[in-house]
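[1] Next one to model:
(chains A, B, C and D, ligands or ions: 4)
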Amino acid sequence: MILRNFNYFSREAFRSLSRNRLLTLATISTVCICMLILGIAVLITVNASNFMQHLESDVEIVAFIDKSVMPSQVQLIGKEISTIQGVKRVKFVSKEEGLEQLQEKMGNKNLKETIGENPLPDTYEVQAENPHDVPEIARTIEKIDGIYKVKYGQGVVERLFEVTKWVRIVSITVIVLLAFGAVFLVATTIRLAIFSRRKEIYLMKLIGATDWFIRWPFFIEGLVLGTFGALVAVGILALAYNSLINNMQMVFFLPLVVKSEVINRLYLSLVGIGALLGIVGTFISVNRFLKV
Amino acid sequence: MILRNFNYFSREAFRSLSRNRLLTLATISTVCICMLILGIAVLITVNASNFMQHLESDVEIVAFIDKSVMPSQVQLIGKEISTIQGVKRVKFVSKEEGLEQLQEKMGNKNLKETIGENPLPDTYEVQAENPHDVPEIARTIEKIDGIYKVKYGQGVVERLFEVTKWVRIVSITVIVLLAFGAVFLVATTIRLAIFSRRKEIYLMKLIGATDWFIRWPFFIEGLVLGTFGALVAVGILALAYNSLINNMQMVFFLPLVVKSEVINRLYLSLVGIGALLGIVGTFISVNRFLKV
Amino acid sequence: MLIQFYNVSKIYPNGVKALNDVSLKIDRGEFVFLMGPSGAGKSTLIKMLFREEIPTRGQIFIASRSIVRMKRKEIPALRRSMGIIFQDFKLLENKTVYENIAFAMEVIGAKPSDIKYRVPELIKMVGLKGKERCFPGELSGGEQQRVGIARALANQPLVLIADEPTGNLDVGTSNEIMELLYDINRKGTTVIMATHARELVRHARKRVIMLEKGRVAGDYPDGEFLA
Amino acid sequence: MLIQFYNVSKIYPNGVKALNDVSLKIDRGEFVFLMGPSGAGKSTLIKMLFREEIPTRGQIFIASRSIVRMKRKEIPALRRSMGIIFQDFKLLENKTVYENIAFAMEVIGAKPSDIKYRVPELIKMVGLKGKERCFPGELSGGEQQRVGIARALANQPLVLIADEPTGNLDVGTSNEIMELLYDINRKGTTVIMATHARELVRHARKRVIMLEKGRVAGDYPDGEFLA
Ligand SMILES: Nc1ncnc2c1ncn2[C@@H]1O[C@H](COP(=O)(O)OP(=O)(O)OP(=O)(O)O)[C@@H](O)[C@H]1O
Ligand SMILES: Nc1ncnc2c1ncn2[C@@H]1O[C@H](COP(=O)(O)OP(=O)(O)OP(=O)(O)O)[C@@H](O)[C@H]1O
Ligand SMILES: [Mg+2]
Ligand SMILES: [Mg+2]
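    Residues are numbered from 1 along each chain as shown, chains lettered A, B, ... in the order given. Ligands and ions are numbered 1, 2, ... in the order given. Model (predicted):
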């Protein structure tokens, strides 16, 4: 009985999809475009956030070691730094290496000779697990005996974090707004499509059809339209993004996000949203015309 | 005669707008949401590009002057640099100032004393009108007698430009795509709205109405709906952006774009696009049903 | 099913008083003509039987159940016990003749095999053989009307409600359709038919209820209507 | 306007042969009934007069202009010279009774003052006084039909085409409408009316063209149709 009804409902749904071609096309293309826009926005956000992580992970702490500290003690300080919570990597840069770096930067080939004694201190370059812990870690390092100064681009780093914070806030806001917009646009299209079939619904009710008997084929239609529209969008998105990945690796110095879990989850979500929108949009719109 | 017709057409249009409430609401909200999305995208782009200009304008060239150069000659070199095409500002940083900067950076309070002679060279810091000319200008400066090295963050700057270039390409692509999407979505909604009135059009033709007699009220409706939807979007956009400007100045270190010409031009364009979409969308959709 | 109207009035939202204090009783198995000038309230009365409209005042009972107090969920069952021929046909434009008729059976959950057997029979009965695959837009007025008639007869309803079922039919076809109605009536179905076709009513010699300006202006038992 | 059909056949896209080699001539000022069983092709013939349908074969001339070869731009003028009563009314659902009738006059560019004067007159003529502000959905079947009739009469057309104009009207109203048609005919308008109402045709004693299965089965001059 249930199976029979299911057969009947899907037959009805597909018949109506093929007979109301304009409505079918309109709904599919609306869903498709909305999911495309949403998908592009998410892809851009994912890549921007990936890019910002790269930027942030460039931030490192330089700890200057007091000249008076013994070499043996220097090693101990290094150990101490590496035990601080959140420290990822500690690198010792001796004053000689420091001088070479400075000479390199100045382009002054005989810097070493012109100055008598090396005025630079030994340093530790420290990287944090999470760039946002850098100020905290820097403060801890500063308290270590034998460290007379800690630098991590104070000011610049805060600016960078401010920027990345804002980029994240803006992206999430935009995506949420876009999602709402997409829901609204799809719902409007579905409502118009069903509006133009309101007499059909009215008549079915007059003949004695129950609400669910009328709803089911509409649901299946909504599901098919939403899913299909989203699938088309995902197809376009996947093609475009893959070709971008393939061509960009040469041009662009920063790799695009290719982690397939992330991308696949996005694609799946889009299809899911499309399907859900199709069903829920239909449900709400059909109900409006069932009150007979 | 023409005036009479105009009166008639607009009366018809407004009557139909108020009687087909669902269609009116659907079209207005679709136009509104599409224009909102487009507007938000443009605003983000404008601000991103503004931000990138800030970043780019931070790029400067440091020209190291040979130790053997006489102080009088140093001034001449400065003059020469400032005559190079595209140079915006030239600033002399003496070796003493350079040492102080280094000392500051190291946090080594007695750096000056520890080293006997100042090993640093005099330098010129050069800013370009257009940051993108930096490499070119650097090459020109390098050829000047008495300059032994030029630095401008080679590598980093190219990376920065690469990033800004890509951000621009992506934003323009996204905006173009969004514009197409908006056109398509609005056109679809209008098509559905007019589809549900196809019998009305058919009947008018059977009674002997000319194509233009039928079209005019639809046009006026399309114009009103498109313009009104876009106006609502611009209103929301302006409110949101202004409150963002007012609240952000404290939180955000980089000012949002407030140049009213840019923003106003955006708002005007959105209204224009809305109106145009309303008319063109209607034209195409009505024509489909006029062939009787 | 017994149909009872007690002091039913209907005032439409725009203020038009379509029915004014109508009381009447139609027994199980009766054949009743509803007559009266255009705008007298025939369609309004008919629409109340299947609860397309609700009385503003008064009570309607069908098989002793009040239609006015009926719950939303019970309405489909009420309508499925009836066959309705609409004045404006009300065919599904996106369905073929066959599908339109089959739909009425699908609604009541008829078995596919029953549908396959019954629908062609109905199509033949109303003289539309060969038009099975036509959409309503491809039919003449009278053909559309007959699709509506076939649909109403499909489930052998307890009550058949016909609003002007022969308005677009020639005398010959009209008589054939009337034979179908008499036939189903003889098998026990109550038939209520609104019509303007005096000739036809005169020959039928059935009960006639005359409406005028929303009131019952006359109720003539079988064979007594001779106007 | 003189109307001439030369060997007109109409085969619909779905293969139905609605008209088969029809030739006929209707003079200016004539009153012609078009009769025949449901599906005979009456509506099809009528739709060709105002070019809703085009013949598959053959030629149609109206006032000596070929309708088949007519350019798209000339069609509105043709239709505006006619008044058309549709079998399914074809009222604008979003316009009131008043607006529906006024629309026909606006289409031909009538002066607002003329419209203001003429429309209430027409509404009164068809007996719909008080219904001016109703939408078609708020009217009874017969009332809707009369709106369609008023609209067709609005511009005092050269040719009046009526497809089953009394199908939803009682005998009284029906006779009043016929009087209107006779009246406009007396003033010089050619009237072509498809109908199933034998009684009415018999009394009219006008020319009758009988269609059967798409062919002209009989053409009876004034007063000779007695079936
Ligand atoms: N939905 C409605 N809203 C407002 N008034 C209505 C509505 N339906 C019908 N009426 C009015 O109620 C009255 C009765 O209408 P009804 O349809 O019952 O007449 P009827 O007897 O069926 O006439 P006909 O023979 O012309 O079909 C008419 O005056 C009509 O204008
Ligand atoms: N649009 C169409 N497409 C296909 N077939 C059609 C179409 N319109 C009418 N027909 C067919 O053409 C034939 C003639 O139809 P027409 O409407 O002319 O009949 P009619 O004489 O007006 O009948 P009625 O009295 O029932 O209105 C019918 O068999 C009908 O099914
Ligand atoms: Mg009625
Ligand atoms: Mg017909």
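
[2] Which residues of chain C lie near chain A?
    C:50, C:52, C:76-80, C:82, C:84, C:86, C:90, C:92-94, C:103-104, C:106-108, C:112, C:151 (CB under 8 Å from any CB of the partner chain). Where you see a C-beta, it was placed from the backbone N, CA and C, and this is true even at glycine.

[3] Please spell out the PyMOL selection for the buried subset of these.
    Typed into PyMOL, the line below selects the buried ones among the residues of chain C next to chain A, using 16 or more other CB atoms under 10 Å in any protein chain shown:
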select buried, chain C and resi 50+52+76+78+79+80+82+84+86+90+92+94+103+104+106+107+108+151
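
[4] From chain D, how far off is A:Leu225?
    28 Å (CB to the nearest CB, to the nearest Å).

[5] helix or strand for the nearest residue to that residue once chain neighbours are set aside, which one?
    Closest residue to A:Leu225 apart from its sequence neighbours, by CB to CB, 6 or more residues apart in numbering or on different chains: A:Thr27 at 4.5 Å. Using DSSP states H and E, A:Thr27 falls within helix A:21-57.

[6] What is the distance between stretch C:209-227 and the centre of its chain?
    Distance of stretch C:209-227 from its chain centroid, counting by CA atoms, centre = their mean, to the nearest Å, is 18 Å.

[7] Oh, that last question was meant for stretch A:211-218, not what I typed.
    38 Å.

[8] now stretch C:189-208
    12 Å.

[9] And the helices in chain C, which stretches?
    Ranges of helices in chain C, per DSSP state H, are C:42-49, C:75-80, C:97-107, C:112-125, C:141-153, C:171-186, C:198-204.

[10] just the stretch 1-150 of chain A next, same as before
    Per DSSP state H, counting those that start in this stretch, the stretch 1-150 of chain A carries helices over the ranges A:2-19, A:21-57, A:71-83, A:95-106, A:111-114, A:134-142.

[11] Can you say which of those helices is packed in most?
    For the helices of the stretch 1-150 of chain A, average neighbour numbers computed from mean count of other CB atoms under 10 Å in any protein chain shown are highest in helix A:21-57, which has a mean of 20.

[12] From the contact counts, what lies against that one?
    Where contact means 3 or more CB pairs under 8 Å, 6 or more residues apart in numbering or on different chains; DSSP states H and E, helix A:21-57 is packed against helix A:156-195, helix A:211-251, helix A:260-288, helix B:156-195.

[13] Reformat those as TSV; add distance to D:Asn175, mean neighbour count and mean pLDDT.
    Below are those laid out as TSV (distance: least, CB to CB, whole Å; neighbours: other CB atoms under 10 Å in any protein chain shown; pLDDT from 0 to 100):
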stretch	distance to D:Asn175	mean neighbour count	mean pLDDT
helix A:156-195	42	18	87
helix A:211-251	44	19	89
helix A:260-288	44	18	91
helix B:156-195	42	18	87
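
[14] Next, format the ones you listed as a markdown table and append distance to C:Arg28.
    Shown next, in a markdown table, are these (distance: least, CB to CB, whole Å):
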| stretch | distance to C:Arg28 |
| --- | --- |
| helix A:156-195 | 40 |
| helix A:211-251 | 28 |
| helix A:260-288 | 37 |
| helix B:156-195 | 47 |
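
[15] so which of these gets nearest D:Phe61?
    helix B:156-195 (35.4 Å; CB to CB).

[16] near chain D, anything from that closest one?
    No: residues of helix B:156-195 are not located near chain D by CB under 8 Å from any CB, the shortest gap being 12.8 Å.

[17] so A:Arg197 makes contact with A:Leu22?
    No: using CB atoms under 8 Å, A:Arg197 makes no contact with A:Leu22, being 11.5 Å away.

[18] so what's A:Phe161 up against?
    Neighbour list for A:Phe161: A:Glu56, A:Pro131, A:His132 [criterion: CB atoms under 8 Å, 6 or more residues apart in numbering or on different chains].

[19] From A:Gln127, how far off is it?
    Going from A:Phe161 to A:Gln127 by CB to CB, to the nearest Å gives 16 Å.

[20] One more: C:Glu30?
    Counting by CB to CB, the gap from C:Glu30 to A:Gln127 is 95 Å.

[21] now swap in A:Leu177 and tell me
    Counting by CB to CB, the gap from A:Leu177 to A:Gln127 is 36 Å.

[22] Equivalent analysis for A:Ala26, please.
    Counting by CB to CB - A:Ala26 and A:Gln127 are separated by 54 Å.

[23] so which of the helices of chain C comes closest to B:Phe64?
    Among the helices of chain C, if distance is taken as CB to CB, the winner is helix C:97-107, at 88.3 Å.

[24] Kindly format the C-alpha coordinates of the closest one as PDB.
    This file holds the C-alpha atoms of helix C:97-107, laid out as PDB (Å, rounded to 0.1, in the frame of the first residue of the first chain):
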ATOM      1  CA  VAL C  97      -8.400  13.100 -20.200                       C
ATOM      2  CA  TYR C  98      -7.400   9.700 -19.000                       C
ATOM      3  CA  GLU C  99      -5.300  11.100 -16.100                       C
ATOM      4  CA  ASN C 100      -8.000  13.500 -15.100                       C
ATOM      5  CA  ILE C 101     -10.500  10.700 -14.600                       C
ATOM      6  CA  ALA C 102      -8.000   8.300 -13.100                       C
ATOM      7  CA  PHE C 103      -7.000  11.000 -10.600                       C
ATOM      8  CA  ALA C 104     -10.400  10.900  -9.000                       C
ATOM      9  CA  MET C 105      -9.900   7.200  -8.400                       C
ATOM     10  CA  GLU C 106      -6.400   7.600  -7.200                       C
ATOM     11  CA  VAL C 107      -7.600  10.100  -4.600                       C
END
